[in-house]
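Undergrad: Give me a 3D structure for the following:
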Amino acid sequence: MNLDIEDLEQPIDDVTEADIRAGLARLNSRYPRFAVLRIRPHYFIQTYALDDGRLDVDYREGGPDRAYVSPFPQTKEAVTDAFLSYLSDDNRWRTAFEWKRQPEEGP
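TA: Model (predicted):
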């Protein structure tokens, strides 16, 4: 599993809880704005910082028909907890937010 923060040259491999906490704490509305915690290609949870300090969050499990977004911005603490849950391979992150299927992108 690896963690990619917008301002890193390379993703952090073998990511730890401390890496997630430190990386997400740095997110802000200017730079870095996004973070992705990836199990493997097309299997990830990601977040994007909004101007008001909250975060958008979404995940994907395979193809484009398996992409979901939380329709409401979340607090940094809630998203950090979700990322930690994802890292520990439990399902708390799945029930932490309401999820809606993302529309597939067109050609």
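
Undergrad: Could you check how far the residue nearest to Asn91 when sequence neighbours are not counted is from Arg40?
TA: Nearest non-adjacent residue to Asn91, counting by CB to CB, 6 or more residues apart in numbering: Ser85, 7.5 Å away. (Each C-beta comes from the backbone N, C-alpha and C, glycine too.) Distance from Ser85 to Arg40, counting by CB to CB, to the nearest Å: 18 Å.

Undergrad: Please say which of those two ends up with more neighbours.
TA: Ser85 (17 against 9; other CB atoms under 10 Å).

Undergrad: For the more buried one, which three-state class applies?
TA: helix (DSSP: H, G, I helix; E, B strand; the rest coil).

Undergrad: quick one: contacts for it?
TA: 91-93, 96 (CB atoms under 8 Å, 6 or more residues apart in numbering).

Undergrad: out of those residues, who's nearest Ala78?
TA: Among the contacts of Ser85, Ala96 lies closest to Ala78 (CB to CB), at 6.5 Å.

Undergrad: Leaving out sequence neighbours, find the closest residue to the closest one.
TA: Ala82 (5.1 Å).
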